[in-house]
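Asks: Following is a predicted model, sequence given first.
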Amino acid sequence: MSSLIKTQNLNFSFSSGVKTLDNVNLDVPQGSIYGFLGPNGAGKTTTLRLLLGLLRNQQGTIEIFDKQFSSHRLEILRKLGSLIEQPSLYLHLTAKENLDIYRRIYECERSRIPEVLKTVGLDNTGKKKIKQFSLGMKQRLSIAITLLHQPQLLILDEPTNGLDPNGIIEVRELMKKLNKEHGTTVLVSSHILNEVERMATHVGIIHKGRLLFQGRLHELQQMKTKQSLLEIETSDNSRSLQLMKDQFASQESGGKIILPFQNKEQTAAINKLLVQGGVDVYALHPQQSDLEQLFMDITNTNN
Ligand SMILES: Nc1ncnc2c1ncn2[C@@H]1O[C@H](COP(=O)(O)OP(=O)(O)OP(=O)(O)O)[C@@H](O)[C@H]1O
Ligand SMILES: [Mg+2]
């Protein structure tokens with residue numbers, strides 16, 4: 001998979017001495033939905049603003065569409081769509097009228113208006129004015145504006161922020177649809193792991209300006225499985241260890257037996273083995289460190 005966005009050693013400071021971005025090497029594969037995840041103040045918006053030339057790059061390089069951003073700025077910006085701050089929507093106008101204003105600015109064909117309205121599912125809003133729109137509808141209209149010039153790449157900064165659960169689903173489904181049906185690569189930031197898990201193919205986790213994880217979503221999930229432990233409480237730990245030693249790599253810790261958790265079948269097999277061996281089993285706890293926990297672990301260990 002080739003990269004649509006690649007940064008090398010991106011560093012940025014708002015004030016001297018405080019690094020807002022610390023050697024960020026972002027790699028957004030073509031055709032991906034890249035979830036850019038990080039808590040408040042991590043540096044997501046700063047990174048995205050740098051990618052769009054909204055902040056002056058201080059150190060490091062940015063390549064988008066295989067071109068240096070510094071020397072091909074306009075050419076690159078023409079091929080991408082972005083939503084960092086809300087575009088101004090004219091509240092007293094309809095969706096179509098709003099799009100017509102932006103269409104003129106971006107010099108797009110008028111025929112794009114019904115097309116993008118359909119894409120974002122606002123083709124039935126007719127004479128309805130924006131002031132009567134829900135937040136989710138406004139957000140979809142904002143995304144429609146970014147789609148007018150048929151960008152290959154979309155950069156969206158927390159597009160589901162402030163939306164109710166329905167609005168969140170609408171925007172998430174829209175991103176998936178654009179990716180699937182139009183092949184649009186989407187770089188989308190979020191501070192909610194669960195949301196990223198539901199839409200992203202690739203994930204980058206940023207914390208205090210440093211990229212702590214980057215890879216496919218399933219790689220993040222594999223890390224989660226690796227960290228899970230099975231805890232067992234028994235009437236006789238030494239006998240249990242003896243019974244288990246040929247089949248399971250277990251040890252005693254804090255009065256319990258622990259071993260790497262694999263699956264439910266493994267748990268059942270151990271239970272059977274111990275009970276049949278004359279040991280009473282009081283509890284079997286799979287300590288599933290879910291992605292949330294992993295996310296906490298990653299961020300906490302790098303303070
Ligand atoms: N214009 C600015 N001047 C000075 N410091 C800033 C400015 N903008 C952001 N910062 C600081 O830079 C750091 C990163 O901010 P940034 O907005 O990139 O984080 P974020 O990940 O987008 O957070 P959020 O989830 O809150 O949007 C924060 O410590 C923030 O206070
Ligand atoms: Mg932000």
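Replies: Arrived safely, thanks for sending. Bear in mind that the values here come from a model prediction, so they are computed numbers and not experimental data. Ligands and ions are numbered 1, 2, ... in the order given.
Asks: what about the helices in the stretch 51-200 of the chain?
Replies: Under the criterion DSSP state H, counting those that start in this stretch, helices of the stretch 51-200 of the chain are mapped to 73-78, 95-106, 112-119, 135-147, 165-182, 193-199.
Asks: Among these, single out whichever gets nearest to Phe248.
Replies: Smallest distance to Phe248 across the helices of the stretch 51-200 of the chain (CB to CB): 30.2 Å, for helix 193-199. Quick note: C-beta positions are derived from backbone N, CA and C, even for glycine.
Asks: could I get the closest one in PDB with only the CA atoms?
Replies: Output of helix 193-199 as PDB, limited to C-alpha atoms (Å, rounded to 0.1, in the frame of the first residue of the first chain):
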ATOM      1  CA  LEU A 193     -11.000   5.000  21.000                       C
ATOM      2  CA  ASN A 194     -14.300   3.200  20.600                       C
ATOM      3  CA  GLU A 195     -15.200   5.500  17.700                       C
ATOM      4  CA  VAL A 196     -11.900   4.900  15.900                       C
ATOM      5  CA  GLU A 197     -12.300   1.100  16.400                       C
ATOM      6  CA  ARG A 198     -15.700   1.300  14.600                       C
ATOM      7  CA  MET A 199     -14.500   3.000  11.500                       C
END
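Asks: sorry, back to before: possible to save the helices of the stretch 51-200 of the chain as TSV with mean pLDDT and distance to ligand 1?
Replies: Converted to TSV, those look like this (pLDDT from 0 to 100; distance: least, CB to the nearest ligand atom, whole Å):
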stretch	mean pLDDT	distance to ligand 1
helix 73-78	94	20
helix 95-106	94	25
helix 112-119	94	27
helix 135-147	93	16
helix 165-182	92	16
helix 193-199	89	13
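Asks: Most tightly packed of these?
Replies: Burial of those is given as mean neighbour count (mean count of other CB atoms under 10 Å); helix 135-147 ranks first at a mean of 22.
Asks: Skip the chain neighbours and tell me the closest residue to Leu54.
Replies: In space, and not counting its chain neighbours, Leu54 is closest to Ile84: 6.6 Å by CB to CB, 6 or more residues apart in numbering.
Asks: Give the full set of residues in contact with that neighbour.
Replies: Thr45, Leu48, Arg49, Leu52, Leu54, Ile155, Asp157 (CB atoms under 8 Å, 6 or more residues apart in numbering).
Asks: Now for the residue of the chain found nearest ligand 2: which residues touch it?
Replies: Across the chain, no residue is closer to ligand 2 than Thr45, which sits at 3.2 Å (CB to the ion). By CB under 8 Å, 6+ apart, the contact set of Thr45 is Ile84, Asp157, Ser189.
Asks: Closest to Leu212 out of the residues you listed?
Replies: Ser189 (14.9 Å).
Asks: what's the pLDDT at the closest one?
Replies: For Ser189, the model assigns a pLDDT of 96.
Asks: Dig out what it forms beta bridges with.
Replies: Here Ser189 sits in beta bridges with Phe36, as judged by DSSP bridges.
Asks: so Val281 makes contact with Ile232?
Replies: Yes - between Val281 and Ile232 a contact is recorded at 6.8 Å, counting by CB atoms under 8 Å.
Asks: Of those two, which one has the most company?
Replies: Set side by side, Val281 and Ile232 show more neighbours around Ile232, with 24 against 17, by other CB atoms under 10 Å.
Asks: helix or strand for the more buried one, which one?
Replies: Per DSSP states H and E, Ile232 falls inside strand 229-234.
Asks: Now do that strand: everything it contacts.
Replies: Applying CB under 8 Å, 6+ apart, the contact partners of strand 229-234 are 240, 250, 255-262, 266-267, 270, 274, 279-287.
Asks: repeat that for 10 Å
Replies: For strand 229-234, the external contacting residues (CB atoms under 10 Å, 6 or more residues apart in numbering) are 240-241, 243-244, 248, 250, 252-263, 266-267, 270-271, 274-275, 279-289.
Asks: Geometric centre of this structure: which residue is closest?
Replies: In the chain, the C-alpha nearest the mean C-alpha coordinate belongs to Gly35, at 2.1 Å (CA atoms, centre = their mean).
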